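I'd like to go over a predicted model; first the sequence, then the structure.
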Amino acid sequence: MILTAEEVKKIAYLARLGIEHQDIESYTQDLSNVLDLMQQMGKTGTEGVLPMAHPMDQVQRLRQDLVTESNGRQNFQAVAPLVEEGLYLVPKVIE
């Protein structure tokens, strides 16, 4: 697909990109090449190809789900200004 200079200017305007006048031909050629590549890739047969999240067949290492810290809620709430039934009490900010 071949883009014109006017189409590139319109794309740049819509994307809010500032392109110098002398660079428009270069952008026109580069964007046309990218669109040609997309057309070629669109013609590639993908029947029977399973979707994948990563090109490498890897498995994520998982850690064991173990408790590593003790419950320190009583220590934290001991220094809090107001606590009631295990909850912190704060001033009302929305009326």
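Done, it's in.

ok, Lys43 to Val34 distance?
Using CB to CB, to the nearest Å, we find Lys43 at a distance of 16 Å from Val34. (C-beta placed from N, C-alpha, C; glycine too.)

With neighbour numbers in mind, choose between the two.
Set side by side, Lys43 and Val34 show more neighbours around Val34, with 12 against 6, by other CB atoms under 10 Å.

tell me which residues of the helix or strand hosting the more buried one are tucked away?
Assigned by DSSP states H and E, Val34 belongs to helix 24-42. For helix 24-42, the neighbour count (16 or more other CB atoms under 10 Å) marks 24, 27-28, 31-32 as buried.

List the neighbours of it that are in contact with it.
With contact meaning CB atoms under 8 Å, 6 or more residues apart in numbering, helix 24-42 is reached by 1-5, 7-9, 11-12, 19.

what does stretch 65-73 give?
Gly86.

Likewise for stretch 85-95?
Stretch 85-95 is contacted by residues 73, 77, 80-83 when judged by CB under 8 Å, 6+ apart.

Please save the CA atoms from that stretch in PDB.
Extracted in PDB, the C-alpha atoms of stretch 85-95 (Å, rounded to 0.1, in the frame of the first residue of the first chain):
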ATOM      1  CA  GLU A  85     -13.000  -4.100  67.800                       C
ATOM      2  CA  GLY A  86      -9.800  -4.500  65.800                       C
ATOM      3  CA  LEU A  87     -10.500  -1.500  63.500                       C
ATOM      4  CA  TYR A  88      -8.800   1.900  63.300                       C
ATOM      5  CA  LEU A  89     -11.100   4.800  63.900                       C
ATOM      6  CA  VAL A  90     -10.400   7.900  61.900                       C
ATOM      7  CA  PRO A  91     -12.200  11.300  61.700                       C
ATOM      8  CA  LYS A  92     -15.100  11.700  59.400                       C
ATOM      9  CA  VAL A  93     -14.000  13.600  56.300                       C
ATOM     10  CA  ILE A  94     -17.100  13.400  54.100                       C
ATOM     11  CA  GLU A  95     -20.300  14.900  55.300                       C
END
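
any idea how far it is from the chain center?
36 Å (CA atoms, centre = their mean, to the nearest Å).
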